[in-house]
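Novice: Got a sequence here, can you build the structure:
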Amino acid sequence: MNGLRIDSYEKVWMLASGVLLAVFLVAVAASVFQGFSLPGDEPRLDPTRTMVDPPFAQPAVVERAPGRYDAYVRVQIWAFVPNEIKVPAGSSVTFYLTSPDVQHGFMIERTNVNVMVLPGQVSKISARFDKPGEYLFVCHEYCGIGHHLMSGKVIVTPKS
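Specialist: Below is the predicted model:
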């Protein structure tokens with residue numbers, strides 16, 4: 001009885017695939033044991049303290065300078081807090097977002113804002129709003145049965 005014959009090229013590719021898989025497993029294990037985290041300068045938070053510790057316990061929009069705002073947004077099942085952000089036209093807004101519960105998304109229509117929001121991780125992204133109007137923001141990462149209800153808006157008022 002003849003055994004199974006495997007071509008030499010197939011053996012090489014099987015061996016290369018196995019080695020690559022082993023390298024990936026070692027990299028994942030090393031990242032877990034070394035405490036690697038997501039890139040960024042923003043600090044990590046204890047997600048269980050998000051509802052208690054500032055600035056996300058009382059999220060708000062803060063004017064840092066004329067035309068420059070920081071918006072602290074808590075993204076939770078199934079709401080954005082706050083869900084309305086008002087700024088005058090010509091403003092630059094830096095959004096700081098975090099979640100106390102599950103992975104969410106944050107996308108503002110007609111802008112380049114599109115970011116993942118992870119529990120305990122502060123996501124930071126900026127946008128400039130030159131035209132007055134309403135800019136809808138939504139959660140674009142499925143987060144449960146009420147996901148379709150998650151929305152809010154940036155209201156850009158005309159310059160006074």
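
Novice: Figure out the helix or strand that the spatially most central residue of the chain lives in.
Specialist: For the chain, the residue nearest the mean C-alpha position is Met116 (2.0 Å; CA atoms, centre = their mean). According to DSSP states H and E, Met116 maps onto strand 114-117.

Novice: Give me the contacts around the helix or strand following that strand.
Specialist: Later in the chain than strand 114-117, the nearest helix or strand by DSSP H and E is strand 123-129. With contacts defined as CB atoms under 8 Å, 6 or more residues apart in numbering, strand 123-129 is touched by 40-42, 87, 89-98, 106, 108, 111-113, 115-117, 135, 154, 156. (Glycine included, C-beta is placed from N, CA and C.)

Novice: Okay, and the beta partners of the residue nearest to the centre of the chain?
Specialist: In this entry, Met116 is beta-bridged to Gly105, by DSSP bridges.

Novice: shaky segments in this structure?
Specialist: 1-2, 35-41 (pLDDT under 70).

Novice: got the residue ranges for the strands in it?
Specialist: Along the chain, counting by DSSP state E, strands occupy 61-65, 68-76, 79-81, 84-88, 91-98, 104-108, 114-117, 123-129, 133-138, 151-157.

Novice: so which of these gets nearest Ile6?
Specialist: strand 114-117 (42.8 Å; CB to CB).

Novice: So among the contacts of strand 123-129, which ones count as buried?
Specialist: Among the contacts of strand 123-129, those classed as buried by 16 or more other CB atoms under 10 Å are 87, 89, 91-93, 95-98, 106, 108, 111, 113, 115, 117, 135, 154, 156.
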